[in-house]
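# Okay, predicted coordinates and the sequence, questions at the end:
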Amino acid sequence: MSKIAVGALVGDGAAQTVKCGFIPDYVRVVNVTDGDKDTEWFRGRAMPFTSGGTTEIAVGNTIVGATSGAEAIVKQVLLSSGTWAGGDAAGFILFDEISKTGTFESENLDVGATLNLATVTVDVENTISTDTEVASETGNAAISAYLGDADNAKGFTIGSTISEEAKLLRWVAMRADGS
């Protein structure tokens, strides 16, 4: 069952947390005052990869950066060319940012004792911004998941760059599986 939450808030120039009761898979925030920001966020990350070997990376594997030590649990592997058996697989590894620790670098990926299963060059941001300004919404300025705690409902955080002072921001948050 899907969940959808819709709302509005006034930007204050600082990061703001929206407690909608679930961690969304997708959030869109639009500055409706002057239309200079329209930001979409997708839960999870994607890294392009090329194959380093013939062992396939599978859903549920914990990938570990051989240099950085960063870790993440694989949600999906999408091939754009080649095959694992042929040692020339290339595509994208999708993982949930909540499972991620550290920052992947240009490096090889290992799974357990199996080394160099793939080579990655970048940890792709999960925010897309249609912005009439020069600034880009990445890192702490972007939208991110809010895990909540015993006293606060789950939701998402709108970064300081998106939360423009005294601007009306409309938002929609969606989760596909309803959890």
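Sure, I can see it.
# can you list contacts of the longest strand along the chain?
Secondary structure of the chain per DSSP state E: the longest strand is strand 71-81. Here strand 71-81 makes contact (C-beta atoms under 8 Å, 6 or more residues apart in numbering) with 44-45, 56-65, 88-97, 99-102, 104. For every residue, glycine as well, the C-beta is placed using N, CA and C.
# just checking, Leu98 is part of a helix?
Not quite, residue 98 is Ile, not Leu. Yes - assessed with DSSP: H, G, I helix; E, B strand; the rest coil, Ile98 lies in a helix.
# Quickly list what the residue nearest to it when sequence neighbours are not counted is bridged to.
With C-beta to C-beta, 6 or more residues apart in numbering as the criterion, Ile98 has its nearest non-adjacent residue at 6.0 Å, and that residue is Ala145. Taking DSSP bridges as the rule, Ala145 bridges to Phe156.
# residues in contact with Ala145?
Neighbouring residues of Ala145 by C-beta under 8 Å, 6+ apart: Ile23, Pro24, Arg43, Glu97, Ile98, Lys154, Phe156, Thr157.
# Look up how far Asp36 lies from the most centrally placed residue in the chain.
Residue closest to the mean C-alpha point of the chain, counted by C-alpha atoms, centre = their mean, is Gly44 at 3.4 Å. Separation of Gly44 from Asp36 (C-beta to C-beta, to the nearest Å): 27 Å.
# same check, this time on Pro24
23 Å.
# okay, these two: which has more neighbours?
Looking at Pro24 and Asp36 with other C-beta atoms under 10 Å, you find the greater number of neighbours at Pro24, namely 26 against 13.
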